[in-house]
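Novice: My questions are about this predicted structure, shown below with the sequence.
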Amino acid sequence: MKTAIVHDWFAGYAGSERVVESLTNIWKDADVFVLFNLLTPEEQKTVTKEKIPQTSFLQNWKSIRTKHRNFLPLFPYAIEQFDLSKYDLIISSSHAVAKGVLTNANQLHINYCHTPIRYAWDLTHQYLRESNLTKGIKGTFAKAILHYIRMWDVNAANRVDYFIANSNYVASRIKKIYRRDAAVIYPPVDVDKFGCGSKKDNYYLTASRFVPYKRIDLIIEAFSQLPDKKLVVVGDGPDEAKLKSLAKGNIEFVGYQTAEKLKSFMQNAKAFVFAADEDFGIMPVEALASGTPVIALNKGGTAETIIDNQTGILFESQTADSIKDAVIRFEKSQNNFDPAALNNYAKQFDRNIFEKKILDFVSDKAKEFYKG
């Protein structure tokens, strides 16, 4: 079958790009479509191999590189301009609009959904508050755009023949928003790239882009109340100055780190601390692959990947007190976590397993679709 792989956009090599990387590993001759491509040549070779992604008219706008979210109102229109009429199979990888490509009755469209558009659905009011768009003309305009995006998004979901969710958490949101069932296949993690660290240093680790929903502020607040516990913070982002202003002397910011250096930090940490309500959360699984237990929120993807008192410690609410209590609980049981066992547990999320499950799912649905 002639195959097209459609992704929202390439802004960097992150979790959703790793899914596309696996899709191009499986369907090597597939053509790749994205609204715009900001990957470096090395990243692009990893994600799309020898294929050059086909982009929309947005690629030609210089400001797309620094302010691509400002173009949100144009995303639905742009994704509908791709002519996919010559393809038999369309696989879309979407956290925004890729599922909205136009197809016909003779084409099978399978969507791997990272999440329904978060800033248009469950994070709408948080997004408006953080952007200072709750009032005034700009606020009214922003709310109208998000209303339009929601209506378009529900309509676009009807263009998909089969949904795959990246977690049970996302599957439940697909059911709530689109009234559609979704199979669950966890996203790929390169477990083999993380050596199992058996010797731990006396520090805790958190790593993330410094943006509000990651809740690094709560982790810092918690450790500021635990002055005898060292916290190393990896990352950068727009909230950096704010986060540093909250930190006490036991908290060290080390900035952005390369993949190799981050792996070393993970291998040597006592535990990895994660407070975000994520759709899946690849980084906690990478910590497990490094032989490091995880202290995480008992909600979203981490509630599915972290087992309390076995692979880490779960806390119940996004508060500094809840995180602090979890750290104290971890201190009492830290010798119970075996690095080799954590690494072995993480192997169920390995890329090879993901690729086999995706290939089997698509093959089964293609047989059903074209037999009919």
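Specialist: Thanks, I have it. Just so you know, these numbers come straight off a predicted model, no measurement behind them. Numbering: from 1, shown residues only.
Novice: mind listing what's buried in stretch 27-43?
Specialist: Neighbour counts over stretch 27-43 (16 or more other CB atoms under 10 Å) mark 27, 30, 31, 32, 33, 34, 35, 36, 37, 38, 39, 43 as buried. C-beta: built from backbone N, CA, C; applies to glycine.
Novice: Among those residues, which are located in strands?
Specialist: 31, 32, 33, 34 (DSSP state E).
Novice: circling back to that earlier point, of the buried residues of stretch 27-43, closest to residue 122?
Specialist: Nearest to residue 122 among those: residue 35, at 22.8 Å, using CB to CB.
Novice: If you count contacts, what does the lowest-mean-pLDDT helix or strand in the chain end up packed against?
Specialist: In the chain, the helix or strand scored least confidently by mean pLDDT, DSSP states H and E is helix 124-130, which has a mean of 83. Under the contact definition 3 or more CB pairs under 8 Å, 6 or more residues apart in numbering; DSSP states H and E, helix 124-130 sits against helix 136-157.
Novice: Tell me the buried residues in the helix it packs on?
Specialist: Per 16+ other CB under 10 Å, helix 136-157 contains these buried residues: 142, 146, 149, 150, 152, 153, 156, 157.
Novice: got the CA coordinates for the following helix or strand past that helix in CSV?
Specialist: Under the assignment DSSP states H and E, the closest C-terminal helix or strand after helix 136-157 is strand 162-165. The C-alpha trace of strand 162-165 is given here as CSV (Å, rounded to 0.1, in the frame of the first residue of the first chain):
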residue,chain,number,x,y,z
TYR,A,162,-9.3,4.1,13.9
PHE,A,163,-7.7,5.8,16.9
ILE,A,164,-4.6,4.6,18.9
ALA,A,165,-4.0,6.4,22.2
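Novice: pLDDT (mean, whole number) over the helix or strand just after strand 162-165?
Specialist: Counting by DSSP H and E, the element after strand 162-165 in chain order, helix or strand, is helix 168-178. With pLDDT averaged residue by residue, helix 168-178 scores 97.
Novice: next one: stretch 99-112
Specialist: 97.
Novice: Other residues contacting it?
Specialist: 6, 19, 23, 33, 76, 79-80, 82, 84-85, 87-94, 98, 113, 152-153, 155-157, 159-164, 166, 185, 358, 361-362, 365-366, 369-370 (CB atoms under 8 Å, 6 or more residues apart in numbering).
Novice: Return a ChimeraX selection command for the buried portion of these.
Specialist: With 16+ other CB under 10 Å as the criterion, this ChimeraX line picks the buried residues out of the contacts of stretch 99-112:
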select :6,19,23,33,76,79,80,82,84,87,89,90,91,92,93,94,98,113,152,153,156,157,159,160,162,163,164,166,185,358,361,362,365,366,369
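Novice: all strands for the protein, in order.
Specialist: Using DSSP E, the strands of the chain run over 3-7, 31-34, 54-55, 89-94, 108-113, 162-165, 182-184, 204-207, 231-234, 251-255, 271-274, 294-297, 312-315.
Novice: Packing partners of the fourth one?
Specialist: Read it as strand 89-94. Partner elements for strand 89-94 (3+ CB pairs under 8 Å, 6+ apart): strand 3-7, helix 15-26, strand 108-113, helix 351-371.
Novice: Kindly provide the whole-number mean pLDDT of the shortest one.
Specialist: Across strand 3-7, pLDDT averages out at 98.
Novice: helices or strands up against it?
Specialist: helix 15-26, strand 31-34, strand 89-94.
Novice: mind redoing it with 6 Å?
Specialist: Contacts defined by 3 or more CB pairs under 6 Å, 6 or more residues apart in numbering; DSSP states H and E place strand 3-7 against strand 31-34, strand 89-94.
Novice: Please point out which parts of that strand sit buried.
Specialist: 3, 4, 5, 6, 7.
Novice: Give me the distance between it and the centre of its chain.
Specialist: 19 Å (CA atoms, centre = their mean, to the nearest Å).
Novice: How about the contacts made by the closest residue to residue 337 other than its chain neighbours?
Specialist: Take residue 337 and drop its neighbours on the chain: the residue closest to it by CB to CB, 6 or more residues apart in numbering is residue 293, 4.3 Å away. For residue 293, the contact set (CB atoms under 6 Å, 6 or more residues apart in numbering) comprises 271, 312, 337.
Novice: Looking at these, spot the one nearest residue 343.
Specialist: residue 337 (11.2 Å).
Novice: That closest one and residue 241, how far apart?
Specialist: 35 Å (CB to CB, to the nearest Å).
Novice: same question, residue 222
Specialist: Counting by CB to CB, the gap from residue 222 to residue 241 is 20 Å.
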